[in-house]
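*Asks:* Just a sequence and a predicted model for now, questions to come.
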Amino acid sequence: MVMELLTIVQTSFGLFRIAVVVIPFLYVGTLISNNFAVLLEEHDIFIPEDDDDDD
Amino acid sequence: MIWFGRVAKLHYGVLRCSLSSASGKSSSAIQVPYLSRQWCRYGAPRPVHYYSTLPPATDISIQYKYGRPVLSLPLPSRSELCQFSLRPMLMTVTDFLSDIQREDPGVAIAAVLNTDGERVCSSTSIDTVLNQDFQILINSTIYRIHSPGRESPEHSTSIDDMKTVVHMLQSALNLPEHQQLRQIQLLRRLDTLKQELGPLEEVRAQVAGRAESQSMRVEWAVLAFLSLQGSFLGYLTWFVFAWDVMEPVTYFITYATSMGFLGYYILTKQELLYPDAKDRQFLHFFHKRAAMEHFDTHRYNALRDQLATVESDLKRLRNPIQLQLPVDPIQPSN
């Protein structure tokens, strides 16, 4: 276990793999949130224009 | 009578002067202040020992010869030293004093006193008397006897000493051979263990590889979920609702996350740290897959423990065999 601490663990193409995971899921998140907002508006749970009371 | 006594003591003082010059023996005396100075009759003037009623005490040491305490007392009649061998266990004070009186009939008064000047009972054994310093009174002369006490300067071999010598002989004669035999034994055991462990190690490596990849998949999944959550909230904040609407949402999501951390600790008794959590997941997947592949984890662990003990014993034996150093103690394994 000591030897593991003394060497740097490097994942090959590390940053690339992180980008490959993060960016699609970021996009998926926006899609989900859009659908979620449409759902809220459809069922009249929460509509943003009604909430803009303070000017 | 007193006048006669004084004259006698004067004579004694003179005699002591000449004696001490003749024999050259070192005997210290107490100087007690007296009324007038007296010069010694023989030889050059030298300091005379003053005394009031009794002559000063002289210091004598008890020596041990051939395991027995020996006391050299000056006898009064012929002013000569006599060596008395004491038998501590068998003799009492009475025996000793009667020995002195038998040796020198001129001894009228003989008594053993302790250092405070108190008379020691006649039936006391010499062994008790020899435990500390004491005094002997012979015809109004007090001799201070210095006793070495319980430990004699002579080395007396006891059973413990003999045992130590036997132990040392045994280890010197037998130890190298014994260590070599032990090393051969340990190497044989090491071989058997490694043989048994061989196939188990293969299965273990396989299972561990699969479990590792599974736990890494969990890690990446957590990263994906976090990025999903981030973009979800970000989109809602900038493109759908305003921050004034989203802020409480984000706050409560953060609060729920901290509750989740506490829940993790309560359930697993471990703080949620990334390496520890990953190890935990790894073990979880490992045991699941090991059960599937019928891998006996207990037997494997026991064999590995035995292997570690054998290897540490061999390591401890290396120094004694190669460098003739003593064996290292067992270190606690951490």
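*Replies:* That came in fine, so what should we check first? Numbering: from 1, shown residues only, chains lettered A, B, ... in the order given.
*Asks:* Output the set of residues of chain A in proximity to chain B.
*Replies:* Within chain A, the positions adjacent to chain B are A:18, A:21-23, A:25-30, A:32-34, A:36-37, A:48, A:51-52 by C-beta under 8 Å from any C-beta of the partner chain. The C-beta positions use only the backbone N, C-alpha and C, and glycine is treated the same way.
*Asks:* and stretch B:171-182, which residues are buried?
*Replies:* By neighbour count on 16 or more other C-beta atoms under 10 Å in any protein chain shown, the buried set for stretch B:171-182 is empty.
*Asks:* thinking again about what came up before, can you pick out the ones from the residues of chain A next to chain B that are in helices?
*Replies:* Among these, the residues falling in helices (DSSP state H) are A:18, A:21-23, A:25-30, A:32-34, A:36-37, A:48, A:51.
*Asks:* which among the residues of chain A next to chain B end up buried?
*Replies:* The buried subset of those - by 16+ other C-beta under 10 Å - is A:Val22, A:Phe25, A:Leu26, A:Gly29, A:Thr30, A:Ile32, A:Ser33, A:Ala37.
*Asks:* how about the nearest residue to the fifth one, chain neighbours excluded?
*Replies:* The shortest distance from A:Thr30 to any residue that is not its chain neighbour, by C-beta to C-beta, 6 or more residues apart in numbering or on different chains, is 4.3 Å, and that residue is B:Tyr235.
*Asks:* and the one you found, which of the three is it?
*Replies:* Classification of B:Tyr235 using DSSP: H, G, I helix; E, B strand; the rest coil returns helix.
*Asks:* Number of residues surrounding it?
*Replies:* Here the count is done by other C-beta atoms under 10 Å in any protein chain shown, and B:Tyr235 has 22 residues near it.
*Asks:* List the contacts of it.
*Replies:* Neighbouring residues of B:Tyr235 by C-beta atoms under 8 Å, 6 or more residues apart in numbering or on different chains: A:Gly29, A:Thr30, A:Ser33, A:Asn34.
*Asks:* And for A:Leu39?
*Replies:* Counted by C-beta under 8 Å, 6+ apart, A:Leu39 has contacts A:Ile45.
*Asks:* so what's it scoring on pLDDT?
*Replies:* For A:Leu39, the model assigns a pLDDT of 91.
*Asks:* my guess is it is in a strand, correct?
*Replies:* No: applying three-state DSSP, one finds A:Leu39 to be helix, outside a strand.
*Asks:* what's the closest non-adjacent residue to the closest residue to chain B within chain A?
*Replies:* Per C-beta to the nearest C-beta, the residue of chain A with the smallest distance to chain B is A:Gly29, at 2.9 Å. Counting by C-beta to C-beta, 6+ apart, A:Gly29 lies nearest to B:Ser231, which is 2.9 Å off, once chain neighbours are set aside.
*Asks:* what sits against that neighbour?
*Replies:* By C-beta under 8 Å, 6+ apart, B:Ser231 lies in contact with A:Phe25, A:Leu26, A:Tyr27, A:Val28, A:Gly29, A:Thr30, A:Ser33.
*Asks:* now whichever strand or helix holds it, how far from the chain's geometric center?
*Replies:* In this assignment (DSSP states H and E), B:Ser231 forms part of helix B:159-235. Computed by C-alpha atoms, centre = their mean, to the nearest Å, the chain-centroid distance of helix B:159-235 equals 35 Å.
*Asks:* Please spell out which residues along whatever helix or strand comes next after that helix are buried.
*Replies:* Per DSSP H and E, helix B:159-235 leads on to helix B:243-268 as the next helix or strand towards the C-terminus. Neighbour-count burial for helix B:243-268 flags B:Met246 (criterion: 16+ other C-beta under 10 Å).
*Asks:* can you list contacts of the helix or strand just after helix B:243-268?
*Replies:* Later in the chain than helix B:243-268, the nearest helix or strand by DSSP H and E is helix B:274-293. Contact with helix B:274-293 is made by B:203, B:206-208, B:210-212, B:214-215, B:218-219, B:264, B:268, B:270, B:297, as judged by C-beta under 8 Å, 6+ apart.
*Asks:* Now list the buried members of the residues you listed.
*Replies:* B:Val207, B:Arg210, B:Ala211, B:Gln214, B:Ser215.
*Asks:* Give me the residue at the spatial middle of chain A.
*Replies:* The structure's chain A has its C-alpha centroid closest to A:Leu26; by C-alpha atoms, centre = their mean the separation is 4.2 Å.
*Asks:* now it, nearest residue through space, not along the chain?
*Replies:* Spatially, and ignoring its direct neighbours in sequence, A:Leu26 is nearest to B:Ser231 (4.0 Å; C-beta to C-beta, 6+ apart).
*Asks:* Need the per-residue pLDDT for that neighbour.
*Replies:* Here, the pLDDT recorded for B:Ser231 equals 95.
*Asks:* Next: B:Gln101.
*Replies:* B:Gln101 is assigned 88 on the pLDDT scale.
*Asks:* how near is the residue nearest to the centre of chain A to B:Glu271?
*Replies:* The gap separating A:Leu26 from B:Glu271 is 29 Å, by C-beta to C-beta, to the nearest Å.
*Asks:* same deal with B:Glu212?
*Replies:* 22 Å.
*Asks:* I'd say B:Leu325 and B:Arg318 touch.
*Replies:* No: look at B:Leu325 against B:Arg318 with C-beta atoms under 8 Å: they stay out of range, at 9.5 Å.
*Asks:* from the buried ones among the contacts of helix B:274-293, which is closest to chain A?
*Replies:* If you rank these by distance to chain A using C-beta to the nearest C-beta, B:Ser215 comes first, at 14.2 Å.
*Asks:* what residues are up against the closest one?
*Replies:* B:Lys278, B:Gln281, B:Phe282, B:Phe285.
*Asks:* any low-confidence regions in chain A?
*Replies:* Where chain A drops to pLDDT under 70, the residues are A:1-4, A:50-55.
*Asks:* and B:Cys82, helix, strand or coil?
*Replies:* Three-state call for B:Cys82 (three-state DSSP): strand.
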